[in-house]
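J.: Everything below, folded, please.
(chains A and B, ligands or ions: 2)
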Amino acid sequence: MHNDTLVEIEDVAFGYGARPVLKGINLTARRGQVIAIMGSSGCGKTTLLRLIGGQIKPGQGKVRVAGESVGELDSAALYRLRRKMGMLFQFGALFTDISVFDNVAFQLREHTDLPEDTIRDLVLMKLHAVGLRGAAHLMPSELSGGMARRVALARAIALDPMLVMYDEPFAGLDPISLGVTGNLIRRLTDTLGLTSLVVTHDVQESLKIVDYVYFVSEGVVVAEGTAAEIRASGLPYVHQFVHGEADGPVPFHYPAPSYADDLGLRRQGA
Amino acid sequence: MLKQSIESLGNRTIQGVWRIGFAARFFVAMLLHSGTAFRRFGLTIREMYFTGVLSLIIILVSGLFVGMVLGLQGYETQQRFGSESALGTLVALSLVRELGPVLAGLLFASRAGSAITAEIGLMKATEQLSAMEMMAVDPIARVVAPRFWAGVISMPLLAALFSAMGILGGYLVGVLLIGVDVGTFWSQMKSSVDFEQDILNGVIKSVVFGVAITTIALFEGYDAPPTAEGVSGATTRTVVTSSLAVLALDFVLTAFMFRGLN
Ligand SMILES: Nc1ncnc2c1ncn2[C@@H]1O[C@H](COP(=O)(O)OP(=O)(O)OP(=O)(O)O)[C@@H](O)[C@H]1O
Ligand SMILES: [Mg+2]
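T.: Ligands and ions are numbered 1, 2, ... in the order given. This is a model prediction of the structure:
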């Protein structure tokens, strides 16, 4: 194991109930890297982030963050580790009873004894970074979906964590915010020396900013490589994803009985 | 057919027992993580505003009407035995011992209990509780426990206000409307209401109801399936379960408290 390895996922399997979702995933993220995790909808990307955050425990294999095995920590140690993690939830998950400002200030107030003046400066800095300093006084219900996501991003980086996980940071953003957000993730990673795990469907945007890409399908990593390798890749799976084709090895449909059976066509024909 | 229904009955029983187990664990966790609710008492005060202060109107108005009805009915009945001078006693004792805690509890369950369940359930459904966990803040300590203590503190205060308003209502009807002697009304009340037997027991009841209602409301919210139907079902269950709990507990407590009397 490299000593600058921050996240290491080793042969991890996980299922909800009897249905397996992840079936032996391997993934490594080194400090200072932006890693993209791609895969079709429902393949278990959010599940993977929840495993890293310790919200669920792997059925098999090990998830290590900063050398600690997340699944085996007691809750005090897990909470200590989580102070160094930030997570942008897929649907924002802003606290709806407090303002945008208080949302971003939440962790600063919970975990530090900083004076209110300093907190104010820090919060406005984070909000400025996502272009929403002017929206500080709004309530979450007054934000659009894309704005809420950017506030959630500001909140995720409020404590300057060492690891930030972004669950689809680009979904619902206009092309301008999209480019800005992508660059922001890259810049934060470089200037603060943190590590970013980005779950995304946006191949073109993410290939511009990431160091390394993992493709997940059917519960395993089917392809990985640097942005340049991925662009040049001849693997049918990767090709299909990068070019957005419906036909290829990635099934578009959730497993189901045959369409003809479901519509009762077979019976009529017989 | 028969086998199926027996199976489903068994399943539901097992699930019910599991849920009671979860609820008990939840209750213990809530007590163990109550430190924050007292260290940062502002959090609890804020919740007391939402559960207690916002329930005030309904509690005060209901208390007044219940007292007025008691005045009318009590006078009607007592007149038959020529004991209408004891109207003050009747009104005060019924309110302080029974109607205050029980009716305030029922109103509290439907006004504040349902709101608590809906709020916690929605926070769960929109991943706010998960987000809090990921920010290394324990939602039991930060969200649940302050609401619990706010409910437990508010409930006896609301019950006391309910009783006070009820006595006022009894006075309005009995003395001002019907014309019972004002001196008799108050002096009879004062001499026959015992602090320990009546008032203290009433307070104990309302505290117990407060614990039961808020625990049920918080647990239902925390345990609700994270969907719209899940939250609405949980809200209904809170009102039904906590109302039944209030009535059942009232019987048990009354049996213990006033057993030695008569
Ligand atoms: N709480 C849950 N209980 C049961 N099954 C679940 C649960 N959460 C997710 N799943 C299932 O696990 C699979 C993976 O879900 P996950 O949310 O990780 O997908 P995803 O890759 O993030 O998809 P998307 O790109 O659409 O967000 C899905 O097929 C889903 O049906
Ligand atoms: Mg997802």
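
J.: Now do the contacts for the closest residue to B:E127 other than its chain neighbours.
T.: Nearest residue to B:E127, sequence neighbours excluded (CB to CB, 6 or more residues apart in numbering or on different chains): A:A93, at 3.9 Å. Every residue, glycine included, has its C-beta placed from N, CA and C. A:A93 sits next to A:152, B:126-128, B:130-131 when contact means CB atoms under 8 Å, 6 or more residues apart in numbering or on different chains.

J.: ok, 10 Å please
T.: A:A93 makes contact with A:87, A:103, A:140, A:148, A:152, A:155, A:167, B:123, B:126-132, B:134, according to CB atoms under 10 Å, 6 or more residues apart in numbering or on different chains.

J.: next one: B:P156
T.: B:100-101, B:104, B:202-210.

J.: pLDDT score for the closest residue to it other than its chain neighbours?
T.: Nearest non-adjacent residue to B:P156, counting by CB to CB, 6+ apart: B:S206, 4.2 Å away. For B:S206, the model assigns a pLDDT of 95.

J.: now the helix or strand hosting B:S206, how far from the chain's geometric center?
T.: Taking DSSP states H and E as the definition, one finds B:S206 inside helix B:201-223. Taking the mean of its C-alpha atoms, helix B:201-223 sits 6 Å from the chain's own mean (CA atoms, centre = their mean, to the nearest Å).

J.: How about the residue of the stretch 51-200 of chain A found nearest ligand 2, nearest residue that isn't a chain neighbour?
T.: Of all residues in the stretch 51-200 of chain A, A:Q90 sits closest to ligand 2, at 4.9 Å by CB to the ion. Computed as CB to CB, 6+ apart, the closest residue to A:Q90 that is not its neighbour in sequence is A:D167, at 4.1 Å.

J.: List the buried residues for stretch B:2-10?
T.: Under the neighbour-count criterion of 16 or more other CB atoms under 10 Å in any protein chain shown, stretch B:2-10 has nothing buried.

J.: where do the helices sit along chain A?
T.: According to DSSP state H, chain A carries its helices in the segments A:45-52, A:75-82, A:100-111, A:116-129, A:145-156, A:175-192, A:203-209, A:227-232, A:236-243, A:259-263, A:265-269.

J.: do the same with the stretch 101-250 of chain B
T.: Along the stretch 101-250 of chain B, the stretches classed as helices by DSSP state H, counting those that start in this stretch are B:114-125, B:128-134, B:139, B:145-171, B:182-192, B:201-223, B:228-257.

J.: Which PyMOL command selects the buried ones in the contacts of A:A93?
T.: To isolate the buried members of the contacts of A:A93 in PyMOL, using 16+ other CB under 10 Å:
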select buried, (chain A and resi 87+103+140+148+152+155+167) or (chain B and resi 123+126+127+128+129+130+131+132+134)
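
J.: rewinding a little: tell me what the residue nearest to A:Q90 is bridged to.
T.: For A:D167, the beta-bridge assignment (DSSP bridges) gives partners A:V199.

J.: Quick one: closest of the helices of chain A to B:L157.
T.: Taking CB to CB, helix A:100-111 is the member of the helices of chain A nearest to B:L157, at 28.6 Å.

J.: is any part of that closest one close to chain B?
T.: Yes - on the criterion CB under 10 Å from any CB of the partner chain, helix A:100-111 is in touch with chain B at A:103, A:106-107, A:109-111.

J.: Can you tell me which of those residues is nearest ligand 1?
T.: The shortest approach to ligand 1 among the residues of helix A:100-111 next to chain B belongs to A:N103, at 22.4 Å (CB to the nearest ligand atom).

J.: my guess is the closest one contacts A:V151, does it?
T.: Yes - counting by CB atoms under 10 Å, A:V151 is a contact partner of A:N103 at 6.2 Å.

J.: Overlap in contacts, the two.
T.: Shared contacts of A:N103 and A:V151 (CB under 10 Å, 6+ apart): A:92, A:94, A:127, A:136, A:140.

J.: Pull out whichever of these are also neighbours of ligand 1.
T.: With CB under 6 Å from any ligand atom as the criterion, these include none near ligand 1.

J.: Which two among the residues you listed are spaced furthest apart?
T.: Farthest pair in those (CB to CB) is A:G92 and A:A136. Separation: 16.3 Å.

J.: Between these two, tell me which one has more neighbours.
T.: Using other CB atoms under 10 Å in any protein chain shown as the criterion, A:G92 and A:A136 rank with A:G92 on top: 26 against 20.

J.: who does the more buried one bridge with?
T.: Counting by DSSP bridges, A:G92 is bridged to A:F89.

J.: highest average neighbour count across the helices of chain A?
T.: Across the helices of chain A, averaging neighbours per residue (mean count of other CB atoms under 10 Å in any protein chain shown) puts helix A:145-156 on top, at a mean of 23.

J.: what about that helix and chain B, touching?
T.: Yes - residues of helix A:145-156 are located near chain B by CB under 10 Å from any CB, namely A:152, A:155-156.
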